[in-house]
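Q: Below are the sequence and a predicted model for it; my questions follow.
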Amino acid sequence: MSKPNKIVVLYVDDEENNLVSFKAVFRIKYKVLTAISGEEAIKVLKNNDVNVIITDQRMPNMTGVEFLENIIDEFPLPTRILLTGYADMNAVIDAVNKGKIFHYLTKPWNEEELDMTITKAYEVFREKVDEKEMNSKLTISNEQLEFLVRQKLLS
């Protein structure tokens, strides 16, 4: 029987071996979704509630940063992690500024470090969800308060 409420992680990488390795390592602890491109990852996001996104930077057609930048408006809640095998500081800067990443890791990834990063990223995700819910409640409360004040003024 599968453990309910697993953290849902989307791993995006153009190297199929990396997708298989990631899934093999983390499939028991997390619900792992994979995509071989940014385009495929967008389809996965449209059909699943994803908590954490991990993407490789260097991919054909769309880099990891471009992918993260493209999804921000439609999928603002998932926490983002960028992986790259290259020490490309420009990519890191772009990822922070444009892709709103939570964390940057180098490839090949260390299983323990990546696991801890996913756990921390999920905590950030939960905080964003809680904040969104609280803001929604405050909006309703403000509308109710405004209604009561108008009623008082009219009477």
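A: Sure, I can see it.

Q: Could you list the low-confidence segments of this structure?
A: Applying pLDDT under 70 to the chain flags residues 1-4, 86-99, 138, 140-143, 155.

Q: top helix in it by residue count?
A: When the chain is parsed with DSSP state H, its longest helix is helix 111-154.

Q: what packs against it?
A: The contact analysis (3 or more Cβ pairs under 8 Å, 6 or more residues apart in numbering; DSSP states H and E) places helix 111-154 against helix 16-26, strand 52-56, strand 79-84, strand 103-106. Where you see a C-beta, it was placed from the backbone N, CA and C, and this is true even at glycine.

Q: Out of the ones you listed, indicate the one that is most buried.
A: Sort those by mean neighbour count, taking mean count of other Cβ atoms under 10 Å, and strand 52-56 sits at the top with a mean of 26.

Q: I'd like the distance from whichever helix or strand comes after that strand to the chain centre, please.
A: Following strand 52-56 in sequence order, the next helix or strand is helix 64-71 (DSSP states H and E). How far helix 64-71 lies from its chain's middle: 11 Å, per Cα atoms, centre = their mean, to the nearest Å.
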